[in-house]
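[1] Sequence first, predicted model second:
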Amino acid sequence: MTWSTADIADLTGRRALVTGATSGLGYETAKVLLEHGAEVLIAARNPQKSADAAQRLHQATGRNAVELELDLADLSSVERAATHLSNTYDSLDILVNNAGVMATPYRQTIDGFELQIGTNHLGHFALTARLMPLLQTGRVVTVSSFMHKSARVLQQSDLRQPASNYSKWPQYSMSKLANLLFMFELGRRVPSVLSVGAHPGYASTHLQAAGPELAGAKLTAKLWAGLNLFAQSAAAGAQPSLYAATQPDLRPGTYVGPRFLEFRGAPMVVQATRTAQDPELAQRLWAWSVEATGVDPALTVPR
């Protein structure tokens, strides 16, 4: 039997936070969660885009999303957002770590980390850690990519990759590998929280063109836009995240992707690479991430 969003149970009374929810996968994830009754917070860096997304979500669902300003490339912004949430709410049932950047020209985060791994991994690591007192027995969905399969083993130096050694696609793959290493290790260290992962396959979003646009490569950006004609829709690409966020009785470490060659189709449980499941590498990445962000999800769990 093929799963669809129609199989999601009533989520009334559940509170979810989706990062990167102004467009693409994050927007579609937030939309479906709202349609099924959840209270949804949409986290985004740009307040105007967040307001526009909230308006579109209201028009589509008749329900209001809560806006949250969050820049994952700025650890002080992560701290402010988490503090606001902790002062406003007493619990969070679902956290979807969806936001990300892909194949950008060399940039650094506010805190001096390479932009892709700083945003895709470290920002979400810090956010998850600071929200752990709210999550308690909730669920964390970490969105990765099939590109993690091409990643080499991570080194601590990759967090502050210098421009002289930078290659955008390998660095993106390593950031997606880091997502999965974190997902598995979170489940081992904080068993009260259900830590699962997902990837969208090849979905039509603005993510692919954003990197070339940032580099001023207009022709490459247009090429990516053209290639999206062969991709599944963002709504279809969001289905693995929604399955991971709502399907009952999932085991910690469950990883969900599209059915057809992990490229497109209905969601199903898929396998991460052996490197992504390496507990020793995950432990090292965890230690590096704690050092980099100053917070540890395993130490912020209520006792």
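    Done, it's in.

[2] what about the strands in the protein?
    15-19, 39-44, 66-69, 94-97, 139-143, 194-198, 255-260, 264-269 (DSSP state E).

[3] Quick one: closest of these to residue 51.
    Smallest distance to residue 51 across the strands of the chain (CB to CB): 6.6 Å, for strand 66-69. To be clear about C-beta, it is placed using only N, CA and C from the backbone, and glycine gets the same treatment.

[4] List the residues that contact residue 131.
    17, 82, 85-86, 92, 95 (CB atoms under 8 Å, 6 or more residues apart in numbering).

[5] and of these, the nearest to residue 55?
    Relative to residue 55, the closest of the contacts of residue 131 is residue 17; by CB to CB it sits at 19.0 Å.

[6] And the pLDDT for that closest one?
    At residue 17, the pLDDT value in this model is 98.

[7] Over to residue 231?
    On pLDDT, residue 231 comes in at 65.

[8] just residue 301 next, same as before
    Confidence score, pLDDT, at residue 301: 72.

[9] Going forward, the N-terminal residue is numbered 341.
    From this message on, residue numbering opens at 341, which makes the last subject residue 641.

[10] Tell me the spacing between it and residue 453.
    25 Å (CB to CB, to the nearest Å).

[11] returning to what we had before: dump the strands of the chain to JSON lines, plus distance to residue 345 and mean neighbour count.
    Shown next, in JSON lines, are those (distance: least, CB to CB, whole Å; neighbours: other CB atoms under 10 Å):
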{"stretch": "strand 355-359", "distance to residue 345": "14", "mean neighbour count": "27"}
{"stretch": "strand 379-384", "distance to residue 345": "14", "mean neighbour count": "26"}
{"stretch": "strand 406-409", "distance to residue 345": "21", "mean neighbour count": "17"}
{"stretch": "strand 434-437", "distance to residue 345": "14", "mean neighbour count": "28"}
{"stretch": "strand 479-483", "distance to residue 345": "15", "mean neighbour count": "28"}
{"stretch": "strand 534-538", "distance to residue 345": "14", "mean neighbour count": "27"}
{"stretch": "strand 595-600", "distance to residue 345": "13", "mean neighbour count": "22"}
{"stretch": "strand 604-609", "distance to residue 345": "10", "mean neighbour count": "18"}
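
[12] could those strands be laid out in a markdown table, adding distance to residue 619?
    Formatted as a markdown table, the strands of the chain follow (distance: least, CB to CB, whole Å):
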| stretch | distance to residue 619 |
| --- | --- |
| strand 355-359 | 26 |
| strand 379-384 | 30 |
| strand 406-409 | 33 |
| strand 434-437 | 20 |
| strand 479-483 | 16 |
| strand 534-538 | 14 |
| strand 595-600 | 15 |
| strand 604-609 | 20 |
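
[13] I'd like to know how far residue 494 sits from residue 535.
    Applying CB to CB to residue 494 and residue 535 gives a distance of 19 Å.

[14] err, residue 375, not the other one
    For residue 375 relative to residue 535 (CB to CB), the value is 25 Å.

[15] Next: residue 590.
    Plainly put, residue 590 is 10 Å away from residue 535 if you go by CB to CB.

[16] Residue 402 now?
    Noted for residue 402: a distance of 32 Å to residue 535, by CB to CB.

[17] One more: residue 502?
    Note on residue 502: its distance to residue 535, by CB to CB, is 32 Å.

[18] mind listing what the nearest residue to residue 541 once chain neighbours are set aside touches?
    Nearest residue to residue 541, sequence neighbours excluded (CB to CB, 6 or more residues apart in numbering): residue 598, at 3.7 Å. Residues in contact with residue 598, defined by CB under 8 Å, 6+ apart, are 540-541, 572, 576-577, 579-580, 604-608.
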